[in-house]
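Student: Based on what follows, work out the 3D shape:
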Amino acid sequence: MFQIDTAAEVLLRLCDAARPIVRDHWLSPKQVDYKSDGSLLTQADLAVERLLRDGLRAAFPDHGLLGEEYGADAAERDYTWVIDPIDGTRPYGFGLPNFASLAALCHHGRPILGMIDLPLLDVRYIGIAGQGTWLNGRKLQVSATKQLSQAHGMLANHDSFTDGTDAAYDALRARLRATAFDGGSPAYGALAAGKIDLCLNGPDLNAHDICALVPVVEGAGGVVTSWQGEPLTLASSGAIVASATAQLHDAALTEIAGAMTP
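Tutor: The predicted structure is shown next:
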């Protein structure tokens, strides 16, 4: 019988094995390639995803897999693993530290286990649906902030807000008490830890960017949805927002909707 705690233990062991690969490539001379769509690719992306896919397939042969680099393998199954080996390949390839390895397990499309791993910092967030979220073994709780005017927010790179979504970016930025920028997936771990109150990303996200964030945020008591307030699943893509409290989330969604109204 499947046990989510067993799945978490397997994932942690595999990510321990992946950390030296991530560190070694990051420390090596610049080695950046480009995909056909112009996005960056490193050998670490490929090596880490191979390691995770092989380990998860061996441990859970009846589960599906979906990865950023090697695509889908039976991803329609009841349980499906979602992998982004280096989330933040651009800063990683440029020798910057704001990147993470992401992995999630979805059940009938809903993320139930999520991990945000920061190998350079020896920091790991893991969220389990119905149980909680932990940072290196310490259980986390989001902040109690309810108003935009009191919130500290992390906004994604302005260039990712395309097709008119920059209006929502500008509106929220103007309402927040303080902002920082382009923190990537580690920002969602910081939200779970109560250090920031709101995270905003534009429409350039896919399932491998999104799924791991959901159990981490929700396990600490936070809220994360699409800009339309829809739950996030294996089928999700596009812009998302995460908030520490339901009241703050409602205020953010209202601000977004108002900014996007013609």
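
Student: Let me see the domain layout of this protein.
Tutor: Per automatic domain parsing, the domain ranges recorded for the chain read 4-139, 148-260.

Student: Most tightly packed of the ones you listed?
Tutor: Mean neighbour counts were taken over the domains of the chain using mean count of other Cβ atoms under 10 Å, and the top value, a mean of 20, falls to domain 148-260. The C-beta positions use only the backbone N, C-alpha and C, and glycine is treated the same way.

Student: Now do that one: distance from first to last residue.
Tutor: Across domain 148-260, the straight-line distance between its terminal residues is 18 Å, by Cα to Cα, to the nearest Å.

Student: try stretch 173-185
Tutor: Length of stretch 173-185, first residue to last, Cα to Cα: 19 Å.

Student: Kindly report the same for stretch 137-148.
Tutor: Chord length of stretch 137-148, first to last residue, is 30 Å (Cα to Cα).

Student: Please apply the same query to stretch 98-111.
Tutor: First-to-last distance for stretch 98-111 - Cα to Cα - comes to 23 Å.

Student: name the element Thr179 belongs to?
Tutor: In the assignment (DSSP states H and E), Thr179 maps to strand 178-181.

Student: send the alpha carbons of that strand over as CSV?
Tutor: These are the backbone C-alpha positions of strand 178-181, laid out as CSV (Å, rounded to 0.1, in the frame of the first residue of the first chain):
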residue,chain,number,x,y,z
ALA,A,178,8.1,46.5,0.5
THR,A,179,9.1,44.4,-2.5
ALA,A,180,12.0,42.3,-3.8
PHE,A,181,12.4,40.9,-7.2
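
Student: any residues touching it, and which ones?
Tutor: Taking contacts as Cβ atoms under 8 Å, 6 or more residues apart in numbering, the residues outside strand 178-181 that touch it are 152-158, 173, 187, 196.

Student: residue contacts, the spatially most central residue of the chain?
Tutor: Central residue of the chain (Cα atoms, centre = their mean): Leu213, 3.8 Å from the mean position. Each residue near Leu213 by Cβ under 8 Å, 6+ apart is listed here: 102, 114, 116, 185, 188, 224, 232, 240, 242.

Student: For Pro91, see how far away the fourth one is.
Tutor: The gap separating Ser185 from Pro91 is 11 Å, by Cβ to Cβ, to the nearest Å.

Student: how about Arg124, what does it touch?
Tutor: With contacts defined as Cβ under 8 Å, 6+ apart, the neighbours of Arg124 are 12, 15, 115-118, 135-136.

Student: how about the helices in this protein?
Tutor: Assigned by DSSP state H, the helices in the chain fall at 4-27, 43-59, 89-93, 166-175, 186-192, 207-210, 213-219, 246-260.

Student: can you redo these as a markdown table with mean pLDDT?
Tutor: A markdown table is the format used below for these (pLDDT from 0 to 100):
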| stretch | mean pLDDT |
| --- | --- |
| helix 4-27 | 96 |
| helix 43-59 | 96 |
| helix 89-93 | 90 |
| helix 166-175 | 97 |
| helix 186-192 | 98 |
| helix 207-210 | 97 |
| helix 213-219 | 98 |
| helix 246-260 | 97 |
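
Student: Compile these into JSON lines and extend it with columns for distance to Ala74.
Tutor: As requested, these are arranged in JSON lines below (distance: least, Cβ to Cβ, whole Å):
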{"stretch": "helix 4-27", "distance to Ala74": "16"}
{"stretch": "helix 43-59", "distance to Ala74": "10"}
{"stretch": "helix 89-93", "distance to Ala74": "26"}
{"stretch": "helix 166-175", "distance to Ala74": "36"}
{"stretch": "helix 186-192", "distance to Ala74": "28"}
{"stretch": "helix 207-210", "distance to Ala74": "15"}
{"stretch": "helix 213-219", "distance to Ala74": "21"}
{"stretch": "helix 246-260", "distance to Ala74": "34"}
